[in-house]
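A.B. asks: quick one: sequence and predicted model below, then my questions.
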Number of protein chains: 2
Amino acid sequence: MDLTKFFKAKSIAIIGVSKNPNKIGHVVFRNLLDGHYPGKIYIVNPNADRVLNYRSYKSVLDIKEPVELAVCCVPAELSLQALEHCGKKGIKDVVMITAGFREIGNFKLEEKLVKILDKYKIKIIGPNCLGTLDAHTKLDTLFLPRYRMKRPKPGSISFACQSGAIASTILDLATTEGYGFAKVISYGNALNVDESDILEYLGNDEETKVICLYLEGIKHGKKFIEVAKKVTKKKPVIAIKGGITEAGSKATLSHTGSLAGNAAIYSGMFKQVGIIHAASLEEMFNAARILEKAVQPKGNRVQIITNGGGYGIITTDAIVNNNLVLANMDEKNKKALRKVFPPIVVVSNPMDLVGDATTERYRLAIDAALNDNNVDILIVLVLMQTPLITPDIIDIISEFDELRKKPIICVATGGEFTMTLRKSLEENGVPCFTFPESAVRAVKQLVEYYVDGKK
Amino acid sequence: MDLTKFFKAKSIAIIGVSKNPNKIGHVVFRNLLDGHYPGKIYIVNPNADRVLNYRSYKSVLDIKEPVELAVCCVPAELSLQALEHCGKKGIKDVVMITAGFREIGNFKLEEKLVKILDKYKIKIIGPNCLGTLDAHTKLDTLFLPRYRMKRPKPGSISFACQSGAIASTILDLATTEGYGFAKVISYGNALNVDESDILEYLGNDEETKVICLYLEGIKHGKKFIEVAKKVTKKKPVIAIKGGITEAGSKATLSHTGSLAGNAAIYSGMFKQVGIIHAASLEEMFNAARILEKAVQPKGNRVQIITNGGGYGIITTDAIVNNNLVLANMDEKNKKALRKVFPPIVVVSNPMDLVGDATTERYRLAIDAALNDNNVDILIVLVLMQTPLITPDIIDIISEFDELRKKPIICVATGGEFTMTLRKSLEENGVPCFTFPESAVRAVKQLVEYYVDGKK
């Protein structure tokens, strides 16, 4: 299904733009203005002449120019007429933020809506959704104000999310942490554009490198499985299933009207189609971070480099517990390192460069591991708190990372000083984690996609 | 064992204070000055007359006034003489930052050190440690500069940590996140003050409400078990065992010279003595946060209140997966809420106040759950991104929390706007998490300590 218009439309009509800045339509309008959306914007409100100094139309039918996309923000009882008008105007793509259908038991109204959609061949995202965002075109229909929810910079993660709440909060957090996004789609009740359609579209989308999915239900199991199998061959897909327990499943009914299924069934299905199943929201975004940034590993043998012994130990435990393999570097390389390092350095795995490690010591260690045939992945833990680590460490790690030889994953725990350096590393393309256990978990998912999945 | 001097000493001698600001002794000296330690500071350096305009003594023996605590920062080969002088001076408590003993195979030097300690009855924390911190007295011997590692405000979490790296990074991060600490002890090789002594001391310490432990090895198993059993009856202890896998255990040998044991043995022992076993550093500090702030729950029945359906579902899944119980509020109370709420609100568990929830809706819902006999714990998820949530929400939640009736745990995911509001909540004493899954995990540990542990 071609969803291009939802992201690339050059003209938008917002239906239901009140003068009240708290109302949904107004917020959407304001966001497009403030976000510098470069296309044409038309607003529809039969009870106003102008809003924010834009001419207000009584209906989309009064707009003379062509309109590529509509955003429907009027209450449910008014939405049928609005859609009817869209149909007559020839608008085939509508973001339907309007709620009040299946999710509150209003099946009849939904049936009427479906008839209109069928009649005019209109595709809608929603109803009962938060909207959509394309960070590249700045086409932003998310109905939360920008001062409450930041918009991300253009990037290559796309997020399709049945829950508007989860879409907005995660986007807000991820943006603050510096993630870039391609497309965000809150698809609500998934009436005639469902998770499979979106997944397929994102699978073919060149701007999308990694796909995150939050699903409550799956509309057509067979379709989803077929699409997912194809997409995961091209790019990684990470999913969370909301309502995976029986009690959670009951709660989905009153939320998006989905019938959620059993935990084991979903887990098995995800595995079968090559989707990475995240255990938590945090895990999903850690996986997205590593899969967006890291190069493809050739195997699962991990070398740890650290300047804090305890961190090496915890990371070792995590590697073993995640069924990854501790790399055993070539004896020749280890010997060479022992020659240049002071005797207190432990040239092993973990390689402990100890508390007085210099940036140069890191350079030597990373260089050796990167060129060692027994190492597939490097986890580099840097305690930025120790006195001899200079900000040059950012350059050194980033330059090695730019060679794109092996995945280099960084871990740095700490306060403002550390956070600043970590952010620089991230901006240079190095995935960088706060906690070693989360980093290893993400490495496991990198291996799951690129190594285990290709077997 | 009385460790009071390590935290409350009114006079300190720092042995080995170079003029070089990167050297350990200098950093310790500088930190005490910059941290406004109110006691007397003496510095020892036979090769300088003055450092930072303080008189430098050739040895502690040259100091005429009494000295309650020494910090030994000289290299291993010079440390024996320094300790000998401490003994003669009558100093019984020494923070021994000096490294280069058992952990690098230098058992002989360690034996000599032990002889001196025995002879003069000196207690040392270390050797091979990062130092100690009392946030209340500002007695700070941690050898990392303040610009790289922030110092926490006074609080009631204490952290005993065999790894200096973990102590420093976690302290730095936790401080940035607004945690308060009582005491931090990096105890390194644990030569004659071991983890059991420290645990016992913290157990009796009135400033300490929650104890975090990072252990690599346990010196005397029987002693540890006896002490832990006593302490966990008084206050919660959360522990991480580094080197819990075989590979991780090998790495502890070259780190703190500990012989780490088998995973199952440690897990079983922790359970037996009532210690909460954290699966990761992040989990340990989430548990500490909730155990420091929340009141004691009477049971394990959790009511979820949210303004985002997806969040309610994910939280429900997490509650079930953590073997907690979804509360079922009294029908009378639910009926009363349904009367005052618009029909779109789902009065159930999760209670979904939906996207247009006002702060007032939260007030009604929290009030009802707090006074419902079928509810033991409240998890309140607030999406600060939605338009009708005003910052008053902080007041409302904080005031309910101040009644100290039931634990109220908040979750708010998001960027700067959310983080600011979340910080206010935390400062008002409400434990507040970024992710629902982490919050539920922490609630599980709260229940484990107060409910399951008392059975």
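C.D. replies: Now that the structure is in, tell me what you want to look at. Numbering: from 1, shown residues only, chains lettered A, B, ... in the order given.

A.B. asks: make it CA atoms for all contacts and neighbour counts henceforth
C.D. replies: Noted.

A.B. asks: which residues of the stretch 51-200 of chain A lie near chain B?
C.D. replies: By C-alpha under 8 Å from any C-alpha of the partner chain, the residues of the stretch 51-200 of chain A that approach chain B are A:104, A:144-145, A:147-150, A:162-166, A:168-176.

A.B. asks: in chain A, which strand has the most residues?
C.D. replies: In chain A, with assignment by DSSP state E, the single longest strand is strand A:153-161.

A.B. asks: so for it, what's the average pLDDT?
C.D. replies: Confidence over strand A:153-161, taken as the mean pLDDT, stands at 97.

A.B. asks: sorry, back to before: of the residues of the stretch 51-200 of chain A next to chain B, buried ones?
C.D. replies: Neighbour counting with 16 or more other C-alpha atoms under 10 Å in any protein chain shown marks A:104, A:144-145, A:148-150, A:162-166, A:168-176 as buried within those.

A.B. asks: just how off-centre is the helix or strand harbouring A:I185 within its chain?
C.D. replies: Assessed by DSSP states H and E, A:I185 sits inside strand A:180-186. When C-alpha coordinates are averaged (C-alpha atoms, centre = their mean, to the nearest Å), strand A:180-186 and its chain have centres 7 Å apart.

A.B. asks: output that strand in PDB with nothing but the alpha carbons.
C.D. replies: Listed in PDB are the C-alpha atoms of strand A:180-186, where the atom choice follows Å, rounded to 0.1, in the frame of the first residue of the first chain:
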ATOM      1  CA  GLY A 180      17.200  10.900  14.700                       C
ATOM      2  CA  PHE A 181      14.000   9.600  13.200                       C
ATOM      3  CA  ALA A 182      12.700   9.000   9.700                       C
ATOM      4  CA  LYS A 183       9.000   8.500  10.200                       C
ATOM      5  CA  VAL A 184       6.700   8.100  13.200                       C
ATOM      6  CA  ILE A 185       3.200   6.700  12.800                       C
ATOM      7  CA  SER A 186       0.700   6.500  15.600                       C
END
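
A.B. asks: packing partners for the longest strand of chain A?
C.D. replies: helix A:164-176, strand A:180-186, helix A:195-204, strand A:210-215, helix A:281-293 (3 or more C-alpha pairs under 8 Å, 6 or more residues apart in numbering or on different chains; DSSP states H and E).

A.B. asks: just the angle between the second one and helix A:164-176, please?
C.D. replies: Interaxial angle of strand A:180-186 relative to helix A:164-176 (axes from the mean of the first three to the mean of the last three C-alpha atoms, to 10 degrees): 170 degrees.

A.B. asks: what is strand A:180-186 packed up against?
C.D. replies: Secondary-structure packing of strand A:180-186 (3+ C-alpha pairs under 8 Å, 6+ apart): strand A:131-134, strand A:153-161, helix A:164-176.

A.B. asks: hmm, try it at 7 Å
C.D. replies: Contacts of strand A:180-186 with other secondary structure elements, assessed using 3 or more C-alpha pairs under 7 Å, 6 or more residues apart in numbering or on different chains; DSSP states H and E, are made with strand A:131-134, strand A:153-161.

A.B. asks: thought A:L326 was touching A:R301?
C.D. replies: Yes: with the criterion set as C-alpha atoms under 7 Å, A:L326 and A:R301 qualify as a contacting pair; they are 5.5 Å apart.

A.B. asks: what residues does the residue of the stretch 1-150 of chain A found nearest chain B make contact with?
C.D. replies: In the stretch 1-150 of chain A, no residue comes nearer to chain B than A:R148, which is 4.9 Å away by C-alpha to the nearest C-alpha. Under the criterion of C-alpha atoms under 7 Å, 6 or more residues apart in numbering or on different chains, the contact partners of A:R148 comprise B:Q385, B:F417.

A.B. asks: where's it, which helix or strand?
C.D. replies: When secondary structure is defined by DSSP H and E, A:R148 falls outside every helix and strand.

A.B. asks: quick one, phi/psi of A:G429?
C.D. replies: Listed backbone geometry of A:G429 is phi 100, psi 10, with angles given as degrees, to the nearest 10.

A.B. asks: nearest residue to it other than its sequence neighbours?
C.D. replies: A:K293 (5.9 Å; C-alpha to C-alpha, 6 or more residues apart in numbering or on different chains).

A.B. asks: what's around the one you found, how many residues?
C.D. replies: 21 (other C-alpha atoms under 10 Å in any protein chain shown).

A.B. asks: same question, the one 5 residues further on
C.D. replies: Burial of A:K298 is recorded as 15 neighbouring residues (other C-alpha under 10 Å).

A.B. asks: mind checking the SS state of it?
C.D. replies: Each residue gets one of three states, and A:K298 gets coil by DSSP: H, G, I helix; E, B strand; the rest coil.

A.B. asks: pLDDT of stretch A:49-56, averaged?
C.D. replies: Across stretch A:49-56, pLDDT averages out at 95.

A.B. asks: now swap in stretch A:420-428 and tell me
C.D. replies: Mean pLDDT, taken over the full extent of stretch A:420-428, equals 92.

A.B. asks: which residues touch it?
C.D. replies: Contacts to stretch A:420-428, defined as C-alpha under 7 Å, 6+ apart, come from residues A:I394, A:S398, A:A412, A:C432.

A.B. asks: helices - which of those land there?
C.D. replies: Secondary-structure check on the contacts of stretch A:420-428 using DSSP state H: residues within helices are A:I394, A:S398.

A.B. asks: closest to chain B among the contacts of stretch A:420-428?
C.D. replies: Nearest member of those to chain B, counting by C-alpha to the nearest C-alpha, is A:A412, at 8.2 Å.

A.B. asks: for chain B, what is the nearest residue in the stretch 101-250 of chain A?
C.D. replies: Minimum separation of the stretch 101-250 of chain A from chain B (C-alpha to the nearest C-alpha) falls at A:L173, amounting to 4.2 Å.

A.B. asks: got the contact list for that residue?
C.D. replies: Residues near A:L173 by C-alpha under 7 Å, 6+ apart: B:T413, B:G414, B:G415.

A.B. asks: what do you get if the cut-off is 6 Å, keeping everything else the same?
C.D. replies: B:G414, B:G415 (C-alpha atoms under 6 Å, 6 or more residues apart in numbering or on different chains).

A.B. asks: that older thread, so which of the helices and strands packed on strand A:153-161 is the most surrounded?
C.D. replies: Neighbour counts averaged per stretch over the helices and strands packed on strand A:153-161 are highest for strand A:180-186, at a mean of 26; criterion: mean count of other C-alpha atoms under 10 Å in any protein chain shown.

A.B. asks: could you list the residues in contact with that one?
C.D. replies: By C-alpha under 6 Å, 6+ apart, the list of residues contacting strand A:180-186 from outside reads A:129-135, A:152-162, A:164, A:208.
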